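Engineer: fold the following and give me the result.
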Amino acid sequence: MRPRSASLTTVDPSKIHIIREITCSDASAVFEVDLDGQRYALKLFHDHGDPGYTEKGRDLNRFRCELNAYKKLLASGVCARGFVPKFHGYINGMDPAAFHPAFQHFAQDKRKPRAILLEYLPNSESLNCVNYSDMLYPQAIEGMKEIHRAGVHHRDIYPRNLLLVRGNPDRLVWIDFDVATTFTDFGPEQLARCDYEIALVKGFGEALVWVPLLPLLETFSVLTNRSREMTRLRDSRRIQNFTKGSIGVEIF
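Structural biologist: The predicted structure follows:
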């Protein structure tokens, strides 16, 4: 049984073979897995009970946020166009004991973790100052616009969540929608959030170009108004976090 033709809720978890752990955080872990001879990225979420919603209605459940986002991205064709990983389904509960020691971080959880199965992206690394390309970066902007058209706000725009996938041709892929929000009404508030996220993407693209050059410009005292602006941008907390996260690692 292949996930393309059937819901993963019906798949026998024993058919999943864990190849390696790719990343791990307090909220989730990502594994490279094999299922019926095909490679996938399995994102496994801790389940400590449903945290519910904020007073403004924002979902605090990371698994539910990511699942709802990918359902919209799949239905709108964003997955098929390659701006985000292909979504292959989800599993409502996996037994950590059956996958020991790979799932050892989940062994003490009172509830079984839930998982999302995604396209595995080999030869990929987070975007950074070294691999940045002026020719390719417009894909990041267009990809975020496509995500918005699908009715999804990403809400976690950092380089660790933008992959450069090597291939013929290379492409940029947005990942990690576990704090994303979904919407159907394109009203003023939603459009303002879209504009804000696009501005962030554009600003970070400029930062990846300018930040490595600033020490040289400062050394030769040739700071223009534009470079002074970028110096302020570099010293902002968000850009410091952004550039700190610009580490080239394979994700999925």
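
Engineer: contacts, neighbours, all on C-alpha from now
Structural biologist: Fine.

Engineer: packing partners of the helix or strand hosting Asp34?
Structural biologist: Assigned by DSSP states H and E, Asp34 belongs to strand 28-35. Applying 3 or more C-alpha pairs under 8 Å, 6 or more residues apart in numbering; DSSP states H and E, one finds that strand 28-35 contacts strand 16-24, strand 38-45.

Engineer: could I get the buried residue list for it?
Structural biologist: Ser28, Ala29, Val30, Phe31, Glu32, Val33, Asp34, Leu35 (16 or more other C-alpha atoms under 10 Å).

Engineer: out of these, which is nearest to Arg62?
Structural biologist: Closest approach to Arg62 among those (C-alpha to C-alpha): Ser28, at 8.9 Å.

Engineer: confirm for me that that closest one is in contact with Leu44.
Structural biologist: Yes - between Ser28 and Leu44 a contact is recorded at 5.4 Å, counting by C-alpha atoms under 8 Å.

Engineer: surely Met144 meets Ile198?
Structural biologist: Yes - when contacts are counted by C-alpha under 8 Å, Met144 is listed as touching Ile198 (6.9 Å).

Engineer: who's more crowded, these two?
Structural biologist: Between Met144 and Ile198, counting by other C-alpha atoms under 10 Å, Met144 is the more crowded of the two (25 against 20).

Engineer: returning to that earlier point: off-centre distance for the strand holding Asp34?
Structural biologist: Centre-to-centre, strand 28-35 and its host chain are 15 Å apart (C-alpha atoms, centre = their mean, to the nearest Å).

Engineer: and the contacts of it?
Structural biologist: Among residues not part of strand 28-35, those counted as contacts by C-alpha atoms under 8 Å, 6 or more residues apart in numbering are 2, 15-24, 39-46, 120, 252.
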